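# Just to be clear, the model below is a prediction. Sequence and coordinates:
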Amino acid sequence: MGNKRIGIFFMLLGFLIIVFLAGNFGRQREDTEEPKANKTVRPSKNTKAVGNLREAAGKNIIICVLDAARPDHMGCYGYPRPTTPNIDRLAKDSLVFEQHYCPYPITEQSTRALFESRYVVPRRTQSDSLVESLQRLGFNTIFLAANPRITGIIGALGKGFDNIGADSQPSAADRHRQMANIVRADNTDKSKEDFFYRPQYLLAQVNDWLATKPKRPFFTYIHFIPPHVPYDAPKDLKALFLGKQPPAYWKSASAMPTEKSDKPLDKQPSAMAGSVNETLNLYDANMRWADGAVGALEQALRKAGLFDNTLLIIMADHGEALGEHGYNWHPDCPYDEALHIPMIMRFPGKGAPKGRVKALTHTIDLLPTLFDLHNKPWPAAAQGRSLLPLLAGATARTHDYCFSAAGSVSLCRTFIVRDLQTTLLLNEDGKTRALYDMVKDPHQSKNVIKSEPARAARLVEAFRRFAEAQPYPPLNFIDPKARRKAVKSSAEPQTKNMPEKLRKQLGTLGYLK
């Protein structure tokens with residue numbers, strides 16, 4: 001009898017332990033957002049609010065990327081200068097995401113992460129990507145990109161699309177002849193080698209595509225170069241800000257001990273030479289140039305009768321550092337000037353959702369959201385979350401934490417962990433760290449890691465769980481002795497056997513000397 005009671009006791013004890021561990025594991029996943037891929041990912045429940053969003057989504061999708069665009073230099077995000085009048089007007093009838101972040105301040109890696117909804121995306125052929133999945137749903141896919149970092153022999157991201165706008169198109173020769181008139185109209189002295197980065201060059205490809213009168217639902221990715229360097233907007237746009245004092249420029253007095261500027265301000269690529277004020281004025285002129293491209297895209301869609309049934313998403317691949325933390329340009333910068341990006345989502349039709357979205361969101365959330373809007377399951381390998389429950393008011397948040405990486409061009413890489421209130425920077429040595437209170441210190445100027453050890457420990461633990469869930473665990477950022485699988489960086493272009501034309505284009509954008 002005694003042995004029987006002992007056996008029952010241990011059975012009950014084992015059961016309680018299992019229940020406790022299961023509950024604890026469930027809470028841990030909820031609190032830390034461990035981003036493992038799910039076996040099946042189903043659309044959100046079709047509540048009335050979700051259903052209304054799906055009805056308003058339109059049958060076409062356009063993602064319009066403005067390379068290196070900072071939200072804090074846009075009027076709809078509070079910038080007092082008239083840099084983005086077209087975008088500001090569209091934003092009034094759109095959802096404006098205030099806390100949206102990219103995974104890398106580098107075009108190729110950030111775009112791959114968008115297409116695959118994955119945090120860590122080494123350079124490789126796309127697999128089960130956004131494009132291929134949308135094609136299976138019946139979308140015609142069009143890729144129009146001016147940045148050679150994601151086209152051709154470097155990025156090759158357009159290979160899976162049905163239609164690709166590039167120099168190989170039949171109309172390319174005629175377009176080059178047209179560019180001479182465009183250059184003269186721009187009041188610039190640039191040669192034909194610089195046509196590729198001008199918005200008009202890409203807009204000509206947009207018009208070629210629209211002339212085909214697309215009938216099937218389409219997904220189109222459009223990637224403009226401005227406001228990315230070179231800061232060479234037309235003279236009339238430069239004149240808007242020339243010689244004027246930029247609004248409230250700030251410069252951090254402190255930063256991570258090991259960080260170094262990628263290049264001093266007076267040795268930046270292309271037009272970034274000169275004083276800080278001069279550089280900011282040129283950047284704002286380039287932002288106005290990009291805004292003009294968005295306005296031209298809108299008018300082209302309206303003329304083709306497509307604007308009112310198209311979901312238009314305006315965003316950036318990354319931001320741009322303008323000297324605030326000693327960084328200029330973007331690839332090495334681990335701060336918000338390079339990682340905080342705009343996202344403006346304009347739904348078509350009357351009664352479409354609009355307003356400000358204050359929750360933490362990420363580039364990798366876009367793929368699941370687009371599939372959820374069309375009431376379809378999304379690729380199982382996706383690590384992002386659908387934003388539809390957030391937009392429908394079914395939840396107040398999508399992520400507890402977001403993760404980014406910077407510094408692929410330098411020897412010292414940094415991982416960034418953030419929640420809505422705090423940002424943690426982890427250096428690759430496993431020791432050098434910085435913590436910023438984003439409520440009290442939005443410019444990330446005061447490192448409070450010594451006075452806030454509990455907050456830092458919570459974010460380190462979130463990063464550890466994140467790292468363990470990745471195919472290439474970056475655990476050495478919290479433990480320098482931890483081993484990790486080697487990943488060949490795709491940030492630095494490989495120049496061997498590179499065509500001379502491509503070499504010149506990359507040099508124009510500042511990637512090659």
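Nice, I can see it.

# quick one: low-confidence parts of the stretch 101-250 of the chain?
Scanning the stretch 101-250 of the chain for pLDDT under 70 picks out 120-129, 148, 150-156, 158-159, 165-196.

# And the strands in it?
140-145, 163-165, 218-224 (DSSP state E, counting those that start in this stretch).

# among those strands, which is nearest Lys238?
Ranking the strands of the stretch 101-250 of the chain by proximity to Lys238 (C-beta to C-beta) places strand 218-224 first, at 17.8 Å. The C-beta positions use only the backbone N, C-alpha and C, and glycine is treated the same way.

# Name the strands paired with that closest one and say parallel or antiparallel.
Using DSSP bridges, strand 218-224 pairs in its sheet with strand 60-66 (parallel), strand 140-145 (parallel).

# Nearest to Pro353, out of those strands?
strand 60-66 (15.7 Å).

# Can you list phi and psi of the spatially closest residue to Leu137 that is not a sequence neighbour for me?
Setting aside the residues directly before and after it, Leu137 is nearest to Lys376 in space (C-beta to C-beta, 6 or more residues apart in numbering), at 6.0 Å. Phi and psi for Lys376, reported as degrees, to the nearest 10, are phi -120, psi 150.

# Can you give me the end-to-end span of stretch 355-375?
23 Å (C-alpha to C-alpha, to the nearest Å).

# burial of Ala396, as a residue count?
9 (other C-beta atoms under 10 Å).

# ok, the residue nearest to Leu137 to Leu202 distance?
Using C-beta to C-beta, to the nearest Å, we find Lys376 at a distance of 30 Å from Leu202.

# higher neighbour count, these two?
Taking other C-beta under 10 Å, Lys376 and Leu202 do not tie; Leu202 has more neighbours (23 against 15).

# Contact partners for the more buried one?
Applying C-beta atoms under 8 Å, 6 or more residues apart in numbering, we find Leu202 in contact with 144-146, 165, 222-225, 293.

# and if you look at His374?
Contacts of His374 by C-beta under 8 Å, 6+ apart are 54, 57, 137.

# export those residues to TSV and tack on neighbour count and distance to Ala68?
As requested, these are exported to TSV (neighbours: other C-beta atoms under 10 Å; distance: C-beta to C-beta, whole Å):
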residue	neighbour count	distance to Ala68
Arg54	17	33
Ala57	24	28
Leu137	12	31
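
# between these, which is nearest Asn281?
Nearest member of the contacts of His374 to Asn281, counting by C-beta to C-beta, is Ala57, at 38.9 Å.

# Which residue, other than its chain neighbours, is closest to the closest one?
Leu373 (4.4 Å).

# what about that neighbour, how many residues close to it?
Using other C-beta under 10 Å, Leu373 has 24 neighbouring residues.

# before we move on, the earlier item: I'd like the strands paired with strand 218-224 written out as a markdown table, with mean neighbour count added.
Shown next, in a markdown table, are the strands paired with strand 218-224 (neighbours: other C-beta atoms under 10 Å):
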| stretch | mean neighbour count |
| --- | --- |
| strand 60-66 | 24 |
| strand 140-145 | 23 |
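
# closest to Tyr436 out of those strands?
For the strands paired with strand 218-224, proximity to Tyr436 was assessed by C-beta to C-beta; strand 60-66 is nearest, at 26.2 Å.

# helix or strand right after the closest one?
helix 85-91 (DSSP states H and E).

# Let's see that next one as PDB, backbone CA atoms only.
Extracted in PDB, the C-alpha atoms of helix 85-91 (Å, rounded to 0.1, in the frame of the first residue of the first chain):
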ATOM      1  CA  PRO A  85       4.700  67.200 -50.500                       C
ATOM      2  CA  ASN A  86       3.500  64.300 -52.600                       C
ATOM      3  CA  ILE A  87       4.100  61.700 -50.000                       C
ATOM      4  CA  ASP A  88       2.600  63.900 -47.300                       C
ATOM      5  CA  ARG A  89      -0.600  64.200 -49.300                       C
ATOM      6  CA  LEU A  90      -0.800  60.400 -49.800                       C
ATOM      7  CA  ALA A  91       0.000  59.900 -46.200                       C
END
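
# Which residue ranges of this structure form helices?
Remark: helices assigned in the chain by DSSP state H are 2-32, 48-56, 85-91, 107-116, 130-136, 172-186, 199-210, 235-238, 276-303, 336-339, 366-373, 388-391, 453-468, 500-508.
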